[in-house]
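Engineer: when you get a sec, could you give me coordinates for this:
(one chain, ligands or ions: 3)
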Amino acid sequence: MKPIQVGLLGIGTVGSGTFNVLKRNQQEIQGRAGRGIEITMVADLDVARAQSVVGPDVKVVNDARAVIANPEIDIVIELIGGYGIAKALVLEAIAAGKHVVTANKALLAVHGTEIFAAASAKGVMVAFEAAVAGGIPIIKALREGLTANRIQWIAGIINGTTNFILSEMRDKGLDFDVVLKEAQSLGYAEADPTFDIEGVDAAHKVTLMSAIAFGIPVQFDKAYVEGITKLGAADIKYAEQLGYRIKLLGITKRTAAGIELRVHPTLVPAKRLIANVEGAMNAVMAHGDAVGTTLYYGKGAGSEPTASAVIADLVDITRLHTADAAQRVPHLAFQPDAISNTPVVAMSEVVTSYYLRLRVADEAGVLAKVTGLLAEAGISIDAVLQREADEISGEAATQTDVIILTHDCAEAKMNAALAQMQALPTVLQPITRIRKEELA
Ligand SMILES: NC(=O)c1ccc[n+]([C@@H]2O[C@H](COP(=O)([O-])OP(=O)(O)OC[C@H]3O[C@@H](n4cnc5c(N)ncnc54)[C@H](O)[C@@H]3O)[C@@H](O)[C@H]2O)c1
Ligand SMILES: N[C@@H](CCO)C(=O)O
Ligand code: NA
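Structural biologist: Ligands and ions are numbered 1, 2, ... in the order given. Prediction:
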């Protein structure tokens, strides 16, 4: 049988990895797919660079629409990124009857409903394993491997840049800005790293996992998003002293009130495997009622790790290319008529425990006032730690850090108590609040 022909839109970091791995492992991939898979046409704005990657035998153009218009091509890979031209091209490829493979989590988390509906109507597939946790086959695990389960929760380190920053801050005690510069120089962070450090990239990814786990539409606009820009080196150190690590987690959880969907820095017990995922690595925990807790670990970014996921999607599509559309694995694991409207829980109703750090004046009665406000609010305390500021930073010992771990309470209740504590004249700086998850 003639190889299936693939068109590639955008041959940068992930595109070049995809081309190279597909070529290098051609024989094995063909054996698994049951048919050869070849990238026969590439579009990139930088034609000369693209041609140097693929060699003289592959046609390179600068107009992506010429690839979509090519009747020989059955699958289009979109590796341009962003919401703009990428969205138009994906919809045009679907309209032209092509299957689509993409690594573009931003596009699918925001416009997934429209894109998946268009693909379902046309009877083509949109595959996106590379969009979540890069090379880790988490989409396949959730959608197929755990299909017997009622999934209860997912929690993941799904942004390599921020995990690298947090690891370096903890290991070297450095401040955020210093480590971000290091991450940029090592090439982990984006040119504009806002999406990484503000938690937006992780929120895109957890939005996709939430839809797959719980059979709800993709709804990035409902996600609570908090990045790591407000974390101080001191919090990482105190958390350590209390037996925890701080990780930027994407969390989605089934509760009686609905589905939680959130990204924020989180205290995790240091003994958990996920607390020990360091550097730019990713890890996702998924808990199903039958299987219990499972953990998936690997490289969430980079040229060939991400290519590994892109090519896995190419193989799936090649296998199913001739199958009846109704038998294919649905985009979000549930058939379109089984998508439910279970609500996403407002962040104010989410119940977690907390780590609080207050920089206070070193005077008698300060601690009693703070704990008194918590008691009045009905928030119970799990542990208290007091550190002289000069133990940390060499400042004069007129200030003290009070660190409090609380038991579970609702976010709204904690917000109200925080406002009262912040208003105390003896509380000298903005209070640091980090949510805590036991992940048992
Ligand atoms: N880099 C990673 O590790 C990684 C991991 C997972 C997912 N992703 C996602 O993969 C996608 C691609 O990321 P990347 O890191 O390879 O980006 P990149 O910037 O390295 O590559 C993008 C390529 O697209 C080309 N391009 C831009 N506009 C184009 C147009 N109109 N027509 C044709 N080509 C065009 C650029 O010239 C460039 O070669 C993004 O959606 C990104 O979020 C990347
Ligand atoms: N910027 C992303 C790339 C992979 O999606 C990260 O740091 O994880
Ligand atoms: Na993946």
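
Engineer: what's the domain layout of the protein?
Structural biologist: According to automatic domain parsing, the chain comprises the domains 4-135+303-337, 138-299, 350-436.

Engineer: Serialize those to CSV and add fields for mean pLDDT.
Structural biologist: Converted to CSV, those look like this (pLDDT from 0 to 100):
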stretch, mean pLDDT
domain 4-135+303-337, 93
domain 138-299, 93
domain 350-436, 92
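
Engineer: adding distance to ligand 3 and mean neighbour count, write the ones you listed out as JSON lines.
Structural biologist: Backbone N, C-alpha and C define where each C-beta goes, glycine included. Below are the domains of the chain laid out as JSON lines (distance: least, C-beta to the ion, whole Å; neighbours: other C-beta atoms under 10 Å):
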{"stretch": "domain 4-135+303-337", "distance to ligand 3": "4", "mean neighbour count": "19"}
{"stretch": "domain 138-299", "distance to ligand 3": "5", "mean neighbour count": "20"}
{"stretch": "domain 350-436", "distance to ligand 3": "26", "mean neighbour count": "16"}
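
Engineer: how about those, which one is nearest ligand 2?
Structural biologist: Closest to ligand 2 of those is domain 138-299 (C-beta to the nearest ligand atom; 3.5 Å).

Engineer: ends of the closest one, how far apart?
Structural biologist: Start and end residues of domain 138-299 are separated by 12 Å (C-alpha to C-alpha, to the nearest Å).

Engineer: and ligand 2, is that domain touching that?
Structural biologist: Yes. With C-beta under 6 Å from any ligand atom as the measure, domain 138-299 is seen reaching ligand 2 through N159, G160, T161, Y188, E190, D196, D201.

Engineer: residues in contact with stretch 360-371?
Structural biologist: 358, 381, 384, 386, 388-389, 397-402, 404, 421, 424, 426-428 (C-beta atoms under 8 Å, 6 or more residues apart in numbering).

Engineer: which of these are close to ligand 1?
Structural biologist: Okay, of those, nothing touches ligand 1 (C-beta under 6 Å from any ligand atom).

Engineer: out of the residues you listed, list just those in strands.
Structural biologist: L358, I381, V384, Q386, E388, Q399, T400, D401, V402, I404 (DSSP state E).

Engineer: where's the first one relative to P425, distance?
Structural biologist: In this structure, L358 and P425 are 13 Å apart, going by C-beta to C-beta, to the nearest Å.

Engineer: over to the third one?
Structural biologist: V384 is 21 Å from P425, where distance means C-beta to C-beta.

Engineer: how about the fourth one?
Structural biologist: Noted for Q386: a distance of 19 Å to P425, by C-beta to C-beta.

Engineer: before we move on, what about the last one?
Structural biologist: As for I404, its distance to P425 is 19 Å (criterion: C-beta to C-beta).

Engineer: closest one of the ones in strands among the contacts of stretch 360-371 to T255?
Structural biologist: I381 (24.1 Å; C-beta to C-beta).

Engineer: quick one, helices of the stretch 51-200 of the chain?
Structural biologist: For the stretch 51-200 of the chain, applying DSSP state H, counting those that start in this stretch gives helices covering 64-68, 85-95, 105-122, 138-140, 160-172, 176-185, 194-197, 200-214.

Engineer: I meant to write the stretch 251-400 of the chain there.
Structural biologist: For the stretch 251-400 of the chain, applying DSSP H, counting those that start in this stretch gives helices covering 303-320, 366-376, 389-393.

Engineer: contacts for the longest one, please.
Structural biologist: Counting by C-beta under 8 Å, 6+ apart, the neighbours of helix 303-320 from elsewhere in the structure are 4, 6, 13-14, 16-18, 20-22, 25, 29, 32-35, 37, 75, 77, 79, 99, 101, 103, 125, 127-130, 134-137, 140, 298-299, 327-329.

Engineer: ok and it relative to helix 160-172, angle-wise?
Structural biologist: Going by axes from the mean of the first three to the mean of the last three C-alpha atoms, to 10 degrees, helix 303-320 is angled at 140 degrees with respect to helix 160-172.

Engineer: is helix 303-320 in proximity to ligand 2?
Structural biologist: No. If you take C-beta under 6 Å from any ligand atom as the test, helix 303-320 misses ligand 2, and the best it gets is 7.0 Å.

Engineer: quick one: distance of that helix to the chain centre.
Structural biologist: Computed by C-alpha atoms, centre = their mean, to the nearest Å, the chain-centroid distance of helix 303-320 equals 19 Å.

Engineer: hmm, it touching ligand 1?
Structural biologist: Yes. Using C-beta under 6 Å from any ligand atom, helix 303-320 reaches ligand 1 at T306.

Engineer: who's in contact with the residue of the stretch 301-440 of the chain at minimum distance from ligand 2?
Structural biologist: Nearest residue of the stretch 301-440 of the chain to ligand 2 (C-beta to the nearest ligand atom) works out as A301 at 3.5 Å. By C-beta under 8 Å, 6+ apart, the contact list for A301 reads G134, G160, T161, Y188, A280, N282.

Engineer: tell me the spacing between the last one and T293.
Structural biologist: In this structure, N282 and T293 are 17 Å apart, going by C-beta to C-beta.

Engineer: same check, this time on V14
Structural biologist: V14 is 30 Å from T293, by C-beta to C-beta.

Engineer: E376 now?
Structural biologist: 37 Å.

Engineer: what's the answer for A66, then?
Structural biologist: As defined by C-beta to C-beta, A66 lies at a distance of 48 Å from T293.

Engineer: out of the domains of the chain, which is closest to P343?
Structural biologist: Ranking the domains of the chain by proximity to P343 (C-beta to C-beta) places domain 138-299 first, at 3.9 Å.

Engineer: tell me if that closest one is near ligand 1.
Structural biologist: No. Judged by C-beta under 6 Å from any ligand atom, domain 138-299 stays clear of ligand 1, getting no closer than 7.7 Å.
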